[in-house]
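Chemist: give me a model of this one.
(chains A and B)
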Amino acid sequence: MASTSKDTVSTNVTSQEDIDDDLLPGACPESVLNPTDSFEEFETEMSSNPQERHSSLTTKCSTISEIQSEIGESSKDMKTVKSSDDLKGKDEAMSSSASSSNLTDQNGDGVDSDKDEYLQSPELVNKEKHVFILSSAGKPIYSRYGNEDKLAGLCGVIQALVSVVEDQNQDILRSINTKDCKAVFLVKGPLILVAVSKSNESETQLVMQLTYAFNQIVSVLTLTQLNRIFEQRRNYDLRRLLAGAERLIDNLLIFMEKDPAFLLGAVRCLPLPEKARENITNAIISTCNKIRDLVFAIMIAGNQLITLVRMKKYTLHPSDIHLLFNFVRSSESFKTAESWTPICLPKFDATGFLHGHVSYISEDCQACLLLLTVQRDAFYPLSQAKHTIAEKLEKLKCIGAINDALNRSKDLPTTNPLKHIGIPIIRHFMYKCKSTAQLFTSDPISLDRLQDYRMMHREGGDITVKKIEKLSDIDYVKNYRKFCNQIHCATVPAKFIFRSNSQDTILAWITNGFELYVTFDPLVEKEQTKKAVDHLLQWIKREENRIFIMNAPTF
Amino acid sequence: MWNPNAMDNRQMEKRVVIGRVRPTWARNMPEAREDDDKSDQEVGVMPHSEPPSPTETWEQQNKQEDKYDVFGKVMLLGDSGVGKTCMLVRFRDGTFLSGNYISTVGIDFRNKVVTVDGVKVKLQIWDTAGQERFRSVTHAYYRDAHALLLLYDVTNKISFDNIRAWLGEIREYAQDDVVIMLLGNKSDSGLERAVRREEGQRLAREYQVAFMETSAKTGLNVEAAFAHVARALVAKANPVDPARLAVRAQPSQEQRSSCPPCS
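Modeler: Residues are numbered from 1 along each chain as shown, chains lettered A, B, ... in the order given. Coordinates of the predicted model:
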């Protein structure tokens, strides 16, 4: 287990072997999350040839039908699964005329020369990162900025680029690099996704973001439906089915740029006293353990996981949880009423929908409870279960504990960890426990700041030269991107990086058990940082029960 | 915060489920006895799940937060963006959601009790997402609905043209005797109007459904529309056929069927 760091890296290399094996903060034998690293996956995504890629998208067995057959209702529910995906067919008659009013007719927008001018319009130029999604027939589906209708010409060019490389060279177009700009392409199933970025994100990181965007679409439609639509009609306008889901992709893109959870493929937990979390978990288990078709009960607040109770044998992948976070944050309507909605979790089962009862736990608490089942008509039992859980939490005073943590009450050690740890040279750190895929940073993005960021983004997303006052979590995370990339590099991965300059000193370190990124004051000595890191790890170890979910409860 | 809609639903459906065996765990529960149909229906609505532990839930049911005489499920339907959620919020909270467009995801559930002609009617209102991809979810709930409010936007001709398709769906999925009401929303729009009032009336007449023009913004006819639905539900439930309203009478019948004449 001892971490060796013999690989040489361009930067400084030290060997740090004095961390004893049992000090792996946050590690626990069983995890609620599936700790598979997404990075390897994205690497293969980038290297595999077209055939392999295609097969990875089609050959899948359905976890949902597996669960259904396990609870002994296969025959009935197999039908359910099918019909739940059956949005087309009967609806076709209606939808052909129902295409909602906000989709303007492509022809109405004038001639080609206007479109070329449009590419130069302030809506589109000088953006840090564009994302375009189109069908493999070249029809625009989504553009992060501007109006995708007016980008039909651009989409045609993208489609041509992709297919020329594919047809003539039997190869895959992965990226185009210019002096200050990267264009990264991802062909996935019937869709082409492109990111055009001037940020410091690596190709792998951009591919990961595009994969997330793809998964977001799958989560709305299921892969089965997506594939079928385009098998039936190659030139289908997918925007019709995605109406209302654009904001999910918008928000996801923003979310990915600033939350290290995506960078590290890990989930952030809401720091809670061990006892409070245990009470919450037990309230859920005792209420739900008789509901046989419930697969996951997940409580979240402000993009942080409070608890996750699962059906035995099944775990959730962090990226599915990220999609759930995004889904809940982006859907205002959940705040006002109990909702019942289909949702597909692509890593869990891309072929079918789970059905979710989604509701906030009480009016004065931002914690949201998701009860995910394979049963499409289980609303009433789940609604009742939710109310029972809410009452229990009220009785056990858990709501107060959640609110304290969310409001970052001053008394909590996790509210201002750096102060609590007491090493002044540390400016920021982020820590991922690999075995449980959980994450902790010294300065979690508060909800208000997220809101500010979003507003700022809505106004532009333009590249601006920012005056540096006090760096926020977002800025630190941006700085870590480069190091994260070196550490996860497929060919020559670094294990330990120490870089010091007049701005700051950054240390990045990966072992079998964890990943750690720390920003220190500029020009500190290596010895000093080593001591500080030891101290830091001990602190995390001491607080691990509060900042991580240390068990893997099941119903 | 306890929201007894799950129970209400049962009470209503009770009429359909007759002669079901009471679950053993409920037989000796004094709380359950008070209102037999609740525990009974537990079996009816949750065919695939065990009922939750009785001790925890019955207490809450006994909270008589809102008493009512008639219960009905009302579903709001129509294209996305016609104002279904706004309509409901205006009706429930008396406010108008201006500014941001909140798109509904799946189905939202809310309750409200209205009094018409001295009869208290509890409406469980299902607000549906208008987007095409949610159709399969909403279809599943058509059959349970007692009344449907079908909305179009008077400023959006397409939403009006789609009403025929919606009515076709309703015929296919909903109960035959479902109460249907056609509403032309955003009637405050003045010059932007694209669908004349007469067109709505004509369509409603053709399909023999009630019709009103409403405005969630000004509140015009919002109360009236729901009151109309409530009245229709009362009429439907009323003693033309005494068996229908006999919610209280039912348990004795069941008692008989579940436990053979002892003593």
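Chemist: apart from its chain neighbours, what residue comes closest to whichever residue of chain B sits closest to chain A?
Modeler: Of all residues in chain B, B:Gly106 sits closest to chain A, at 2.6 Å by Cβ to the nearest Cβ. C-beta here means a position set from N, CA and C on the backbone, and glycine is covered the same way. Excluding the flanking residues, the one nearest B:Gly106 by Cβ to Cβ, 6 or more residues apart in numbering or on different chains is A:Thr341, at 2.6 Å.
Chemist: wait, what's in contact with that neighbour?
Modeler: By Cβ atoms under 8 Å, 6 or more residues apart in numbering or on different chains, A:Thr341 lies in contact with A:355-356, A:358, B:105-107, B:129, B:134, B:137.
Chemist: contact partners of the lengthiest helix in chain A?
Modeler: Longest helix in chain A, counting residues (DSSP state H): helix A:526-547. Under the contact criterion Cβ under 8 Å, 6+ apart, helix A:526-547 has outside partners A:12, A:14, A:16, A:18-19, A:23, A:25-26, A:269, A:271-274, A:413-414, A:417, A:420-421, A:423, A:425-426, A:429, A:431, A:440, A:498, A:505, A:507, A:509, A:516, A:518, A:520, A:550.
Chemist: give the buried residues for it.
Modeler: Buried positions in helix A:526-547, judged by neighbour count with 16 or more other Cβ atoms under 10 Å in any protein chain shown: A:529, A:532-533, A:536-537, A:539-540, A:543-547.
Chemist: okay, and the beta partners of A:Thr441?
Modeler: Taking DSSP bridges as the rule, A:Thr441 bridges to A:Met430.
Chemist: list the contacts for it?
Modeler: Counting by Cβ under 8 Å, 6+ apart, the residues that A:Thr441 touches are A:260, A:268, A:428-431, A:473, A:477.
Chemist: try it again with 10 Å
Modeler: The contact partners of A:Thr441, taken as Cβ atoms under 10 Å, 6 or more residues apart in numbering or on different chains, are A:259-261, A:264, A:268, A:417, A:428-432, A:473, A:476-477, A:480, A:517.
Chemist: where does A:Pro381 land in three-state SS?
Modeler: Here A:Pro381 is recorded as helix under DSSP: H, G, I helix; E, B strand; the rest coil.
Chemist: who in the stretch 101-250 of chain A is up against chain B?
Modeler: A:101-102, A:220-222, A:225, A:240-245, A:247-248 (Cβ under 10 Å from any Cβ of the partner chain).
Chemist: change it to 7 Å
Modeler: Proximity of the stretch 101-250 of chain A to chain B, by Cβ under 7 Å from any Cβ of the partner chain, involves residues A:101, A:220-221, A:240-241, A:243-244.
Chemist: for these, give me a markdown table that also has pLDDT and neighbour count.
Modeler: Below are those laid out as a markdown table (pLDDT from 0 to 100; neighbours: other Cβ atoms under 10 Å in any protein chain shown):
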| residue | pLDDT | neighbour count |
| --- | --- | --- |
| A:Ser101 | 37 | 17 |
| A:Val220 | 93 | 25 |
| A:Leu221 | 93 | 23 |
| A:Arg240 | 88 | 17 |
| A:Leu241 | 90 | 23 |
| A:Ala243 | 86 | 23 |
| A:Gly244 | 84 | 23 |
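Chemist: that older thread, count of residues packed around the residue of chain B closest to chain A?
Modeler: B:Gly106 has 24 neighbouring residues, counting by other Cβ atoms under 10 Å in any protein chain shown.
Chemist: how near is it to B:Val70?
Modeler: In this view, B:Gly106 and B:Val70 are 27 Å apart by Cβ to Cβ, to the nearest Å.
Chemist: for chain B, give me its nearest residue in chain A.
Modeler: Residue nearest to chain B within chain A: A:Thr341 (2.6 Å; Cβ to the nearest Cβ).
Chemist: that residue in helix, strand or coil?
Modeler: Assignment for A:Thr341 (three-state DSSP): strand.
Chemist: please apply the same query to B:Gly190.
Modeler: Three-state call for B:Gly190 (three-state DSSP): helix.
Chemist: burial of it, as a residue count?
Modeler: Residues contacting B:Gly190 under the criterion other Cβ under 10 Å number 8.
Chemist: ok, now how distant is it from B:Thr95?
Modeler: 22 Å.
Chemist: cool, A:Arg329 as well?
Modeler: Distance check for A:Arg329 against B:Thr95: by Cβ to Cβ, it reads 23 Å.
Chemist: okay, these two: which has more neighbours?
Modeler: Remark: of A:Arg329 and B:Thr95, A:Arg329 carries more neighbours, 20 against 11, as counted by other Cβ under 10 Å.
Chemist: how about the more buried one, what does it touch?
Modeler: Residues in contact with A:Arg329 (Cβ atoms under 7 Å, 6 or more residues apart in numbering or on different chains) are A:251, A:303.
Chemist: on that earlier part again, now the two most distant members of the buried residues of helix A:526-547.
Modeler: The two members of those with the most space between them (Cβ to Cβ) are A:Thr529 and A:Asn545, at 26.6 Å.
Chemist: which residue ranges form the strands in chain B?
Modeler: B:70-77, B:107-116, B:119-128, B:147-153, B:179-185, B:210-213 (DSSP state E).
Chemist: which stretch among these comes nearest B:Arg90?
Modeler: Using Cβ to Cβ, these put strand B:179-185 closest to B:Arg90, at 10.0 Å.
Chemist: could you give the mean pLDDT of the closest one?
Modeler: Averaging pLDDT along strand B:179-185 gives 95.
Chemist: mind checking the backbone torsions on the residue most central in space within chain A?
Modeler: Central residue of chain A (Cα atoms, centre = their mean): A:His322, 3.5 Å from the mean position. Main-chain torsions, A:His322, degrees, to the nearest 10: phi -60, psi -40.
Chemist: relative to A:Tyr212, how far out is it?
Modeler: For A:His322, the distance to A:Tyr212 equals 7 Å [Cβ to Cβ].
Chemist: so where is chain B shaky, pLDDT-wise?
Modeler: B:1-66, B:99-100, B:239-263 (pLDDT under 70).
Chemist: now do the helices in it.
Modeler: Here chain B has its helices, by DSSP H, at B:5-13, B:24-27, B:30-34, B:36-45, B:54-61, B:84-93, B:135-142, B:157-161, B:163-173, B:197-207, B:222-237, B:242-245, B:250-258.
Chemist: what residue ranges in the stretch 151-300 of chain A score low on pLDDT?
Modeler: Judged by pLDDT under 70, no stretch of the stretch 151-300 of chain A qualifies at all.
Chemist: for the stretch 201-350 of chain A, what spans make up the strands?
Modeler: Along the stretch 201-350 of chain A, counting by DSSP state E, counting those that start in this stretch, strands occupy A:267-268, A:294-301, A:304-310, A:338-343.
Chemist: can you redo these as CSV with distance to B:Tyr173?
Modeler: CSV is the format used below for those (distance: least, Cβ to Cβ, whole Å):
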stretch, distance to B:Tyr173
strand A:267-268, 39
strand A:294-301, 27
strand A:304-310, 34
strand A:338-343, 17
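Chemist: out of these, deepest packed?
Modeler: Of the strands of the stretch 201-350 of chain A, the one with the most neighbours on average (mean count of other Cβ atoms under 10 Å in any protein chain shown) is strand A:267-268, at a mean of 28.
Chemist: for stretch A:166-183, measure first residue to last.
Modeler: With Cα to Cα, to the nearest Å as the measure, stretch A:166-183 spans 17 Å from end to end.
Chemist: what does that stretch contact?
Modeler: The contact list for stretch A:166-183 (Cβ under 7 Å, 6+ apart) reads A:46, A:50, A:161-162, A:165, A:184-185, A:187, A:194, A:196-198, A:203, A:206.
Chemist: residues of it that come out buried?
Modeler: Per 16+ other Cβ under 10 Å, stretch A:166-183 contains these buried residues: A:172-174, A:182-183.
Chemist: can you check stretch B:90-97 too?
Modeler: Residues of stretch B:90-97 classed as buried: B:90-92, B:96-97 (neighbour count, 16+ other Cβ under 10 Å).
Chemist: what residues are up against A:Gln216?
Modeler: With Cβ under 7 Å, 6+ apart, A:Gln216 has these contacts: A:248-249, A:252, A:323.
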